[in-house]
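1. What would the 3D arrangement of this be:
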Amino acid sequence: MAGAAFGAWCVWKASMTGWAVPRSNDAPSAPAGQHPPRVEPSGNTCRLDLKKVPVKQPQSFDYWYANQSDAWLSPFVIPSHRLVFCYVPKAGTSRWQRFLRWLVGVQDWASNPHIRDANNYIGGLMQLKHLPRAEAIQIMLDPSWTKMAVVRDPLDRLRSAYLDKIAGANDPGNTNFTKHLFGLPYENFTSTSFSDFLRRVEFGMRHSLDHENKHWQRQSHRCDLSTFLPFYQHVFFMPPDKTMRAELSDCFIEAVAKTAPNPSAVRNFSFGESAKALAEHRTDAKDHATYDEQLCLKARQLYAEDYELFRFPRPTCLRDAPHVTWPTL
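-> Predicted structure coming up:
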């Protein structure tokens with residue numbers, strides 16, 4: 001869907017979900033039992049930002065839930081830039097983490113962003129969970145803090161997880177994905193078919209087991225987005241069309257630059273050689289059999305919660321090759 005059609009879809013989606021919220025002059029703090037401040041509408045111009053149209057946020061904040069749940073505390077937090085980022089694995093996370101590492105001044109920001117530092121921070125990045133819970137709540141309620149996430153079509157993301165973590169596995173010592181997760185020796189693990197992989201993913205979802213690994217976990221469960229989505233000003237869509245990835249990066253960087261203390265430096269950021277490393281990391285889906293019509297329909301059913309929450313336009317499942325087609329923007 002292109003041009004006006006895509007814009008109309010965004011208006012409909014926002015009106016249905018109550019994502020974005022209207023302006024308010026309320027203070028950024030909200031004592032227990034009172035309404036939280038309203039988040040400023042983002043006024044976004046990026047067509048990949050799913051939160052284009054400001055509508056009303058929920059009129060109350062569930063402090064009890066916020067004190068019981070821990071999932072919403074997983075986003076990275078950059079106090080110097082008043083930035084919160086919910087990272088969703090298999091949605092370009094390595095790329096965004098490298099940028100955030102540069103943002104906080106990590107010297108080797110382009111290196112592996114998933115290694116924990118001496119403080120046990122992933123890639124040297126603080127998370128909301130490292131702050132007192134009351135402070136984390138105030139950050140989420142404060143409209144002057146930018147909250148962002150990048151999400152991906154569930155079927156495209158699931159296929160990517162299979163190609164990268166299963167079919168493309170090259171570390172016999174990675175027992176997390178072999179014995180511990182699938183109960184398979186390494187030599188059998190890498191030959192797991194996509195249909196068997198999907199069956200095991202479904203089993204994990206149905207039984208709430210560790211089979212719902214973060215790389216194929218429902219995105220609505222990441223950062224408790226099913227509950228905290230109204231407080232995020234930017235939710236960027238990572239399209240299946242890889243030619244649009246550069247546009248997504250530009251949108252992401254511009255959203256950070258708008259409220260950054262050093263906007264010019266942020267806008268001039270370049271991924272450099274790390275972009276090349278990311279391209280080499282990808283696995284070509286054309287070289288591996290994944291979806292047929294029935295597996296496509298099954299996956300759409302399993303990830304219905306994501307399609308509903310984010311209002312993704314659903315892919316079409318076909319009897320004949322390529323078996324899946326995604327709506328175009």
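2. Helices along the stretch 51-200 of the chain, start to end?
-> Remark: helices assigned in the stretch 51-200 of the chain by DSSP state H, counting those that start in this stretch are 63-68, 93-103, 133-141, 154-161, 179-182, 186-189, 194-207.
3. Quick check: which of these has the most neighbours on average?
-> helix 154-161 (a mean of 23; mean count of other C-beta atoms under 10 Å). C-betas here are computed from N, CA, C, even on glycine.
4. hmm, back to that, least confident of the helices of the stretch 51-200 of the chain, on average?
-> Among these, helix 179-182 carries the lowest mean pLDDT, a mean of 78.
5. quick one: that helix to chain centroid distance?
-> Helix 179-182 has its average C-alpha position 25 Å from the chain's average C-alpha position, going by C-alpha atoms, centre = their mean, to the nearest Å.
6. go on, stretch 223-240?
-> Distance of stretch 223-240 from its chain centroid, counting by C-alpha atoms, centre = their mean, is 7 Å.
7. tell me the domain ranges of the protein?
-> Taking automatic domain parsing as the reference, the chain has its domains at 4-154+223-281, 156-217+285-325.
8. Where among these is average confidence lowest?
-> Set side by side, those differ in mean pLDDT, and domain 4-154+223-281 is lowest with a mean of 81.
9. one step back: got the helices of the stretch 51-200 of the chain as TSV, with distance to Tyr232 columns?
-> Conversion of the helices of the stretch 51-200 of the chain to TSV gives the following (distance: least, C-beta to C-beta, whole Å):
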stretch	distance to Tyr232
helix 63-68	15
helix 93-103	14
helix 133-141	9
helix 154-161	18
helix 179-182	30
helix 186-189	36
helix 194-207	24
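10. With respect to Cys317, which of those helices lies nearest?
-> With respect to Cys317, and counting by C-beta to C-beta, the nearest of the helices of the stretch 51-200 of the chain is helix 154-161 at 9.0 Å.
11. same for that closest one, what does it pack against?
-> Helices and strands touching helix 154-161, as assessed by 3 or more C-beta pairs under 8 Å, 6 or more residues apart in numbering; DSSP states H and E, comprise helix 194-207, helix 293-302.
12. ok and that helix relative to helix 194-207, angle-wise?
-> Angle, helix 154-161 to helix 194-207, by axes from the mean of the first three to the mean of the last three C-alpha atoms, to 10 degrees: 120 degrees.
13. outside of helix 154-161, which residues touch it?
-> If you take C-beta atoms under 8 Å, 6 or more residues apart in numbering as the criterion, helix 154-161 is touched by 89-91, 152, 194, 198, 201, 213, 215-216, 218-219, 240, 283, 285, 290-291, 296, 299-300, 303, 306-307, 312, 315, 324, 326.
14. contacting residues for the most centrally placed residue in the chain?
-> For the chain, the residue lying nearest the average C-alpha position, counting by C-alpha atoms, centre = their mean, turns out to be Val88 (3.2 Å). Counting by C-beta under 8 Å, 6+ apart, Val88 makes contact with Ala149, Val150, Val151, Arg152, Gln219, Arg222, Cys223.
15. please redo it, this time with the cut-off set to 7 Å
-> For Val88, the residues meeting the contact criterion (C-beta atoms under 7 Å, 6 or more residues apart in numbering) are Ala149, Val150, Val151, Gln219, Arg222.
16. What separation do you get for Ser46 and Ile78?
-> Actually, residue 46 is Cys. It isn't Ser. In this structure, Cys46 lies at 20 Å from Ile78, with C-beta to C-beta, to the nearest Å as the measure.
17. Check Tyr121 too.
-> Plainly put, Tyr121 is 12 Å away from Ile78 if you go by C-beta to C-beta.
18. and the nearest residue to Arg314 once chain neighbours are set aside, what element?
-> Spatial nearest neighbour of Arg314, chain neighbours left out: Tyr307 (5.7 Å); criterion: C-beta to C-beta, 6 or more residues apart in numbering. Secondary structure assignment for Tyr307, by DSSP states H and E: helix 304-310.
19. Tell me which residues are up against that helix.
-> If you take C-beta under 7 Å, 6+ apart as the criterion, helix 304-310 is touched by Leu50, Val151, Pro154, Arg218, Gln219, Ser220, Leu225, Ser226, Leu229, Phe312, Arg314.
20. I'd assumed Asp153 was in contact with the fifth one.
-> No. In this structure, Gln219 sits apart from Asp153 without contact. The criterion is C-beta atoms under 7 Å, and the distance is 9.9 Å.
21. all strands in this protein, in order from the N-terminus.
-> Along the chain, counting by DSSP state E, strands occupy 76-78, 83-86, 146-152, 234-238, 316-317, 324-325.
22. Buried deepest among those, which one?
-> Neighbour counts averaged per stretch over those are highest for strand 83-86, at a mean of 25; criterion: mean count of other C-beta under 10 Å.
23. In terms of secondary structure, what does it contact?
-> In this structure, strand 83-86 packs against strand 146-152, with contacts taken as 3 or more C-beta pairs under 7 Å, 6 or more residues apart in numbering; DSSP states H and E.
24. From the chain's centroid, how far away is the strand it packs on?
-> Here the centre of mass of C-alpha atoms in strand 146-152, compared against the chain's by C-alpha atoms, centre = their mean, lies 6 Å away.
25. same check, this time on stretch 291-307
-> Mean C-alpha position of stretch 291-307 versus that of the full chain (C-alpha atoms, centre = their mean) differs by 19 Å.
26. Thanks a lot, see you next time.
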